[in-house]
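*Asks:* okay, predicted coordinates and the sequence, questions at the end:
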Amino acid sequence: MSKTISILGATGSIGRQTLDVAEQLGLTVTALTANSNAERLEDQVRRFRPRLAVLTDEAAAKDLAVRLADTGTKVLGGPEALTEAAVCPEADTVVTAVVGMVGLKPTLAAIRERKRIALANKETLVCAGQLVMDTAEQYSAEIVPVDSEHSAIFQCVQGCRDRGEIRRLILTCSGGPFYGQTAEEVAGRTKADALRHPNWTMGPKITVDCATLMNKGLEVIEAMRLYRLPLEQVSVVIHRQSIVHSLVEYRDGAILAQLGTPDMRLPIRYAMTWPDRAESPLEPLDLLSCPPLTFARPDRETFPCLRLAEEAAQEGGTACAILNGANEEAVGLFLAEKIGFSDIPRLVAEARAAVTVVRDPSLEDILAADRAARRAVLDLV
């Protein structure tokens, strides 16, 4: 069980809920990081008294340093300071809750220090999954997923003697706010429409990814890396109720599922306490009052981002880094209301076609592919 934690991305949805769980479990918080929200990070520092606070926006970091001058917390600024937070010697667990490729280098640094990685930054495995998993194996570092779907699978494979017993992983997907709509209807949806997720409260980028189904495509790639399985053994079903968080089908036909209320504090808590479980103040799922559970096939024509992610996963190399970088850039443009909703998959597909895939990439190849994909999207716009 974790005792002392660093949280990368403390002011976001996952970071804030992790702090709630840390308080409930009596964990020590030694480092907190965020992008630019000095006011919220100041409140968190005063509440949890970490040794280190980091803002990647250097101007905001200077503001934070003034705000925290009366405390004993060291304040650093800039993206490279994330790595210092990730390798704090006091921390046994690093919660990677930052959004995007910015999480890759600090995650690798924490792995080399043999920290437990409570992984909520899916881009790390999407873009550099082979490298990350090989490094974790080399340094005997634990990677415990925080995403609700991957936490569910992680829990369902605890009794699995070897991965050869698995027939397939089944990731559930709520379908997002536009489920059941036609391509024409979806094309006219706005930023406000896309941010109204039916079941979960999350940050804007991941909420838009849920609306396009790119989030599920990224999770398919993440599952392949975490469990070292081919694309053919990872499938997706629409499950509107978000009660069954994912399933594992074994070769004898048995299917194990993890069920629970749609509350991210449940998988966060498990990542902190694994391999044990701790009492929780959360209300458990009441089977007698939950709605009927339904399942359906995803619509890859209306929501092509899922198909684009699966194609990138099949191609391998830097294809997934290109996909992810293009998607991050396109979603950012959509959130800035500079492009329409249907422009997101179009730009991702065109960027994928424009950027050359490198086989057996190094870390620099992966980072270069990410940069090239972002440039391609901006050039296309």
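*Replies:* That came through fine.
*Asks:* so residue 307 touches residue 298, yeah?
*Replies:* No. Using C-beta atoms under 8 Å, residue 307 is not in contact with residue 298, being 9.1 Å away. Every C-beta, even on glycine, is put in place using the N, C-alpha and C of the backbone.
*Asks:* low-confidence ranges, the stretch 101-250 of the chain, go.
*Replies:* Applying pLDDT under 70 to the stretch 101-250 of the chain picks out residues 201.
*Asks:* please apply the same query to the stretch 251-381 of the chain.
*Replies:* Ranges of the stretch 251-381 of the chain meeting pLDDT under 70: none found.
*Asks:* if we can go back for a sec, now for residue 307 and residue 298: what residues contact both?
*Replies:* Contact with both residue 307 and residue 298 is made by no residue, according to C-beta atoms under 8 Å, 6 or more residues apart in numbering.
*Asks:* next, residue 95: secondary structure please.
*Replies:* Put simply, residue 95 is strand when judged by DSSP: H, G, I helix; E, B strand; the rest coil.
*Asks:* which elements pack onto the one helix or strand residue 365 maps to?
*Replies:* Using DSSP states H and E, residue 365 sits in helix 363-380. Packing contacts for helix 363-380, counted by 3 or more C-beta pairs under 8 Å, 6 or more residues apart in numbering; DSSP states H and E, involve helix 104-112, helix 122-139, helix 319-335, helix 343-354.
*Asks:* point out the one among these that comes closest to residue 156.
*Replies:* Of all the helices and strands packed on helix 363-380, helix 122-139 sits nearest to residue 156, with 18.5 Å by C-beta to C-beta.
*Asks:* ok, back up a step: please convert the helices and strands packed on helix 363-380 to a markdown table, extending it with distance to residue 62 and mean neighbour count.
*Replies:* Rendered in a markdown table, the data for the helices and strands packed on helix 363-380 read as follows (distance: least, C-beta to C-beta, whole Å; neighbours: other C-beta atoms under 10 Å):
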| stretch | distance to residue 62 | mean neighbour count |
| --- | --- | --- |
| helix 104-112 | 21 | 23 |
| helix 122-139 | 28 | 21 |
| helix 319-335 | 25 | 26 |
| helix 343-354 | 35 | 20 |
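*Asks:* among those helices, which is nearest residue 88?
*Replies:* The nearest among those, by C-beta to C-beta, is helix 104-112 at 9.2 Å.
*Asks:* using PDB, list the CA coordinates for that closest one.
*Replies:* Output in PDB follows, covering the C-alpha atoms of helix 104-112 (Å, rounded to 0.1, in the frame of the first residue of the first chain):
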ATOM      1  CA  LEU A 104       5.900  10.800 -20.600                       C
ATOM      2  CA  LYS A 105       9.400  12.000 -19.400                       C
ATOM      3  CA  PRO A 106       8.500  12.300 -15.700                       C
ATOM      4  CA  THR A 107       6.800   8.900 -15.800                       C
ATOM      5  CA  LEU A 108       9.900   7.300 -17.300                       C
ATOM      6  CA  ALA A 109      12.000   9.100 -14.600                       C
ATOM      7  CA  ALA A 110       9.800   7.800 -11.800                       C
ATOM      8  CA  ILE A 111      10.000   4.300 -13.200                       C
ATOM      9  CA  ARG A 112      13.800   4.400 -13.200                       C
END
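*Asks:* want to throw the helices and strands packed on helix 363-380 into JSON lines with distance to residue 256?
*Replies:* Converted to JSON lines, those look like this (distance: least, C-beta to C-beta, whole Å):
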{"stretch": "helix 104-112", "distance to residue 256": "28"}
{"stretch": "helix 122-139", "distance to residue 256": "22"}
{"stretch": "helix 319-335", "distance to residue 256": "28"}
{"stretch": "helix 343-354", "distance to residue 256": "33"}
